[in-house]
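Chemist: sequence and predicted model, in that order:
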Amino acid sequence: MKKLPLIAVLALATAGVQPATAQQKFENLDRLDGLVAMTVGANIGEPGGPAAPVDRRLRLAACPSTPSVEGPVFGAAIVKCDALGWRIRVPLTGGGAGAAAPVARYGAATVRPAQRDMVVKRGDPVQLIAGNASFSVSRVMIADEDGAVGDTIRVREDKKSAPILAQVVEMGTVRIPGFNDF
């Protein structure tokens, strides 16, 4: 008879603990939405803010500290937990203060056209350049999308290859961001 109450007490004790550990199992996605909105200075759907909430299907391990938010970089904010090693991209809408940050950071064009003429059209062959003052490497690629000077577009070698992000420098020329100007 003494064992029955002890088993009942243990069952009740573990039943009370399980929901608390289940809540701590995954990262709070609403918190990530708030962190991104605070970092970029715009709410979901506003110009310069996140295009949509973080995908609710994600099951990220709960970060023991506050996740860091970087960006905007290439039209997205990067949310990461260094302690656990996960990282996600949150797409941002254009038109905000952060929209010009990648161009200023990488300095692809000193003067931006006033009317934003598309100098690269989808399907055009473009010269992809990577390098710095010491070296440069170039390759002919095909543009996957239209772009004006300073825009970041996808290019690929052929239809089966993976896309590469590159910034439009001038008509028919794109450059991989991250390399120093040359």
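Modeler: The structure has been received and is ready for your questions.
Chemist: how close does Gln127 sit to Val120?
Modeler: 11 Å (C-beta to C-beta, to the nearest Å). In this view, the C-beta of every residue, glycine as well, is placed from N, C-alpha and C.
Chemist: who's more crowded, the two?
Modeler: Just comparing Gln127 and Val120: by other C-beta atoms under 10 Å the higher neighbour count belongs to Val120, 25 against 15.
Chemist: where do the contact lists of Gln127 and Val120 overlap?
Modeler: Gly172, Val174 (C-beta atoms under 8 Å, 6 or more residues apart in numbering).
Chemist: ok, the spatially most central residue of the chain - contacts?
Modeler: Closest to where the C-alpha atoms of the chain average out (C-alpha atoms, centre = their mean) is Arg89, at 3.0 Å. Arg89 sits next to Ala76, Ala77, Ile78, Val79 when contact means C-beta under 8 Å, 6+ apart.
Chemist: so which of those comes closest to Ile164?
Modeler: Checking the contacts of Arg89 against Ile164 with C-beta to C-beta, the nearest one is Ala76 at 16.0 Å.
Chemist: quick check: the gap between the nearest residue to Glu70 once chain neighbours are set aside and Arg139.
Modeler: Spatial nearest neighbour of Glu70, excluding adjacent residues (C-beta to C-beta, 6 or more residues apart in numbering): Ile78 at 4.5 Å. Remark: distance between Ile78 and Arg139 (C-beta to C-beta) = 27 Å.
Chemist: before I go, just wanted to say thanks for your time.
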